[in-house]
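S.K.: here is a sequence with its predicted model. Questions after.
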Amino acid sequence: MQGEAVPPRVPTPRRYLMCPPRYFAVDYAINPWMDPSKPVSADVAVAQWTELRDTYRRLGHTVEEIDPQPGLPDMVFAANSGTVVDGRVLGSRFRAPQRAAEAEHFRRWFLEHGYRDLTMPEKINEAEGDFAWTGKLLLAGTGFRTDPAAHAEAQEVLGVPVVSLQLIDPRYYHLDTALFVLAEATDTATAQVVYYPEAFSPGSQRVLRRMFPDAVLATAADAECFGLNGVSDGRNVVLPVEATDLGARLAERGYEPVYVDISELRKAGGGPKCCTLEIRK
Ligand SMILES: CN(C)C(=N)NCCC[C@H](N)C(=O)O
């Protein structure tokens, strides 16, 4: 974009569902970031999560909360429990048995809050962990968690086009550790995304280049601090505090980086986006 005028970035108010990490722990290891021999503090996790929730509220967004459940230490990662487009909800089905029971708590939350158009998937589907909405279509990751057959199921249930992307690095086991949408658009070519190319297979890298020729390309250092687990409202981009290089590059494109400390939550392999399920209507 060198030499080009930076377009004005317009935030749109969002509605998020989050789960306080009252029972946060790392008791098992289901991704390369988790080490049950290392100490973790639920109190520190709650403090960091509260700061994230309050940051969204300061930015003018609505945050709903679901009650955490004892024995489900990863329930804080709400993004893995539902994909909502146009008020239609596709629930989740976890790959790891340790997380399986989370799906039912979220299913009930949606029903109790008036979401009658709700489908629970047959295929393994870790929701927004592997699904990213561009405003026109759903980018869908597979390789570690979400079953490729869940992509077809999501297309059928949500009635939106789905583009499959193959993840190849176990550290970036969900799509939302490797890519996020900066600005949605009903025309795919004008949606803005940022991604870490090396997390994707060569074929998926070609797909991404073709779909998003103007994307921000992240570095290995951006990815290692979970910089690709950001949350954008079209202008403000919530990022882990370590992701200042990426934040500076986004600022050159007219975005406003907003930093949060998620170091405790990272011990379970999560960041800001994992804690944040977006309810689109
Ligand atoms: C950014 N990511 C990967 C997420 N969307 N969710 C985090 C899930 C962490 C959990 N311990 C697990 O391994 O499932």
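M.R.: Received the coordinates, thanks. Residues are numbered from 1 along each chain as shown.

S.K.: what about the residue nearest to residue 142 when sequence neighbours are not counted, how many neighbours?
M.R.: Closest residue to residue 142 in three dimensions, ignoring its sequence neighbours and counting by Cβ to Cβ, 6 or more residues apart in numbering: residue 148, at 4.6 Å. For the C-beta atoms, the positions are set from N, CA and C on the backbone; glycine is no exception. Using other Cβ atoms under 10 Å, the number of residues around residue 148 comes to 14.

S.K.: now do residue 125
M.R.: For residue 125, using other Cβ under 10 Å, the count is 30.

S.K.: can you name the residues bridging to it?
M.R.: residue 93 (DSSP bridges).

S.K.: numbering from 454 from now on, please.
M.R.: Sure, I'll start numbering at 454, so the last one becomes residue 578.

S.K.: per-residue confidence at it?
M.R.: Note on residue 578: pLDDT of 98.

S.K.: correct me, but it touches residue 605?
M.R.: No: using Cβ atoms under 8 Å, residue 578 makes no contact with residue 605, being 11.0 Å away.

S.K.: near the ligand, which residues of the stretch 604-734 of the chain?
M.R.: 627, 629, 630, 682, 721, 722, 723, 724, 726, 727 (Cβ under 6 Å from any ligand atom).

S.K.: tell me the contacts of the residue nearest to the first one when sequence neighbours are not counted?
M.R.: Right, residue 627. The shortest distance from residue 627 to any non-neighbouring residue, by Cβ to Cβ, 6+ apart, is to residue 582 (3.8 Å). Listed by Cβ atoms under 8 Å, 6 or more residues apart in numbering, the contact set of residue 582 reads 530, 532, 533, 594, 598, 599, 627, 628, 629, 727.

S.K.: can you check residue 665 too?
M.R.: Contact criterion Cβ under 8 Å, 6+ apart gives 644, 645, 646, 648 as the residues in contact with residue 665.

S.K.: is it true that residue 575 touches residue 606?
M.R.: Yes: counting by Cβ under 8 Å, residue 606 is a contact partner of residue 575 at 6.5 Å.

S.K.: before we move on, back to that, which two among the contacts of residue 582 are spaced furthest apart?
M.R.: Of all pairs drawn from the contacts of residue 582, the one with the longest distance (Cβ to Cβ) is 530 and 594, at 15.1 Å.

S.K.: ok, back up a step: residue 575 and residue 606 - which one has more neighbours?
M.R.: Using other Cβ under 10 Å as the criterion, residue 575 and residue 606 rank with residue 606 on top: 19 against 11.

S.K.: which SSE is the more buried one in?
M.R.: Counting by DSSP states H and E, the element that carries residue 606 is helix 601-611.

S.K.: then stretch 681-701 to CSV, C-alphas only?
M.R.: Listed in CSV are the C-alpha atoms of stretch 681-701, where the atom choice follows Å, rounded to 0.1, in the frame of the first residue of the first chain:
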residue,chain,number,x,y,z
LEU,A,681,-2.8,-13.7,14.8
ASN,A,682,-5.3,-14.3,17.6
GLY,A,683,-6.5,-10.7,17.3
VAL,A,684,-10.0,-9.3,17.4
SER,A,685,-10.9,-6.4,15.0
ASP,A,686,-14.0,-4.3,14.9
GLY,A,687,-13.0,-2.8,11.6
ARG,A,688,-10.8,-0.2,13.2
ASN,A,689,-9.7,-1.2,16.7
VAL,A,690,-7.6,-4.3,16.8
VAL,A,691,-7.2,-6.1,20.1
LEU,A,692,-3.8,-7.8,20.2
PRO,A,693,-1.6,-9.5,22.8
VAL,A,694,0.8,-6.9,24.3
GLU,A,695,3.8,-8.7,22.8
ALA,A,696,2.5,-8.1,19.2
THR,A,697,3.8,-4.5,18.9
ASP,A,698,5.5,-5.1,15.6
LEU,A,699,2.4,-6.4,14.0
GLY,A,700,0.4,-3.6,15.7
ALA,A,701,2.7,-1.0,14.2
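
S.K.: so which bits of that stretch are buried?
M.R.: 681-693, 695-697, 699-700 (16 or more other Cβ atoms under 10 Å).

S.K.: nearest residue to residue 719 other than its sequence neighbours?
M.R.: residue 679 (6.0 Å).

S.K.: list the residues that contact the one you found.
M.R.: Residue 679 touches 630, 693, 695, 696, 715, 719, 723, 724, 725, counting by Cβ under 8 Å, 6+ apart.
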